[in-house]
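**Q** Could you look at this predicted model? Sequence included:
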Amino acid sequence: MAIHNLTGEWGETVAREYLIEKGYTVMASNSHVGHKEIDIVATKGNRMIFVEVKTRRESLNDALDAIDDKKIRRIVRAADSILRNSDIPYEYQFDIIAVIGSPETGHTIHHFPDAFMPPLFGAY
């Protein structure tokens, strides 16, 4: 497996552990809906949280820049499918977690709750 894939998997593990420590319940990881994927689906209270995790060795800006409009539209479409199939009427939010570092050097976690809203009027 390529180094960036291993780094990404490690970052998602770090993010899941962080969320659990903060009182979230992780419902799914790497949840696929068609060709779209959501890194982590979690709940806390009456909210379903869709989390995009970006892992970079050095730069928070690089991690955040990787979440562009196209990526947001894919996440929102996948979340919409999950919410429509949910029996519980959850409120929802979209979070971003950036994990900066590596297993060898340590890491910092940057959590951005409610980082973006879905595009309006079916623009996705």
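**A** Now that the structure is in, tell me what you want to look at.

**Q** The residue nearest to residue 30 when sequence neighbours are not counted and residue 73: what is the separation?
**A** When the adjacent residues along the chain are set aside, residue 30 lies closest to residue 37, with 6.0 Å between them (Cβ to Cβ, 6 or more residues apart in numbering). Any C-beta I mention is one placed from the backbone N, CA and C, and that applies to glycine too. Per Cβ to Cβ, to the nearest Å, residue 37 is found 13 Å from residue 73.

**Q** next SSE after the longest helix seen in the chain?
**A** Criterion DSSP state H: the longest helix present in the chain is helix 3-21. Following helix 3-21 in sequence order, the next helix or strand is strand 25-33 (DSSP states H and E).

**Q** quick one, helices of this protein?
**A** Using DSSP H, helices in the chain cover 3-21, 60-65, 69-84.

**Q** right, so of those helices, which gets closest to residue 109?
**A** helix 3-21 (5.3 Å; Cβ to Cβ).
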